[in-house]
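> 3D model of this:
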Amino acid sequence: MNKILVIHGPNLNLLGQREQSVYGKTTLEEINNLLTKIAQENNVSLEIFQSNHEGEIVDKIGKVKLSNIQAILINPAAYTHTSIAIRDAVAAVDIPTVEVHLSNIYAREDFRHTSVIAPVCKGQISGFGVNSYILGLNATIQLLK
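Residues are numbered from 1 along each chain as shown. Next up, the predicted model:
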C-alpha cells in the first residue's frame with residue numbers, strides 16, 4: 001500500500017478559529033478526516049503531521065524513506081515564502097511532492113506571491129479552500145500510479 005505524508009505548517013492548527021474570511025471555518029481535524037477518508041477509498045495510507053517549527057518539518061521530511069513514504073502533500077503555510085531549509089529537504093528526498101494552500105497566495109500580499117518550495121514540487125494547488133487539499137491529495141495519488 002502506498003503511503004503519503006501530509007504536512008501542515010505553522011498556524012494551521014488554528015484553522016476554524018483564525019481569519020475565517022481567508023481560511024474558512026473548517027478545522028484541521030475536519031480536513032484530516034476528509035483526507036483520511038479519500039485515502040482509504042483509494043487504498044492509500046496517510047501519515048499526518050502538523051508543526052509550527054521549521055526544524056521539525058525538515059526532520060520529518062528527511063526521514064520519509066525510513067518511514068516507507070512514497071510521496072508528500074504539504075501546506076508549508078508561512079514557510080512557503082521563506083524556508084530554504086524545507087525546500088532543500090524536499091529536493092533532497094526526491095519523492096513526488098505536491099504543495100497546497102487554502103487561499104490563493106497570488107491574490108494576497110506581495111510577499112506571499114513567491115513560493116520557494118514550488119520549484120521542487122511536482123505541482124501546486126491554491127485558492128480553493130478545503131478543496132485545495134482534496135485536489136492535492138488526488139493529484140498525489142495519481143502521481144503514484
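> Could you use CA atoms for every contact and neighbour count after this?
Fine.
> And the pLDDT for the closest residue in space to Phe111 that isn't next to it in sequence?
Closest residue to Phe111 apart from its sequence neighbours, by CA to CA, 6 or more residues apart in numbering: His81 at 7.3 Å. His81 carries a pLDDT value of 92.
> How about the residue positioned nearest the centre of the chain: which residues does it bridge to?
Against the mean C-alpha coordinate of the chain, by CA atoms, centre = their mean, the closest residue is Ile74 at 1.7 Å. Here Ile74 sits in beta bridges with Ile7, Glu99, as judged by DSSP bridges.
> residue contacts, it?
6-9, 97-100 (CA atoms under 8 Å, 6 or more residues apart in numbering).
> switch the cut-off to 7 Å
6-8, 98-100 (CA atoms under 7 Å, 6 or more residues apart in numbering).
> Most neighbours among the residues you listed, please name it.
Val100 (31 neighbours; other CA atoms under 10 Å).
> Would you agree it is in contact with Gly136?
Yes - Val100 is in contact with Gly136 according to CA atoms under 7 Å; the separation is 6.3 Å.
> shared neighbours of these two, which are they?
Ile125.
> what's the spacing between the residue nearest to the centre of the chain and Arg18?
20 Å (CA to CA, to the nearest Å).
> do Glu30 as well
15 Å.
> same thing with Asn33?
20 Å.
> higher neighbour count, those two?
Shown here are Asn33 and Arg18; by other CA under 10 Å, Arg18 has more neighbours (15 against 12).
> Tell me if I am right that the more buried one is in a strand.
No - read with DSSP: H, G, I helix; E, B strand; the rest coil, Arg18 is coil and lies in no strand.
> From Lys25, how far out is it?
Distance of Arg18 to Lys25, given as CA to CA: 8 Å.
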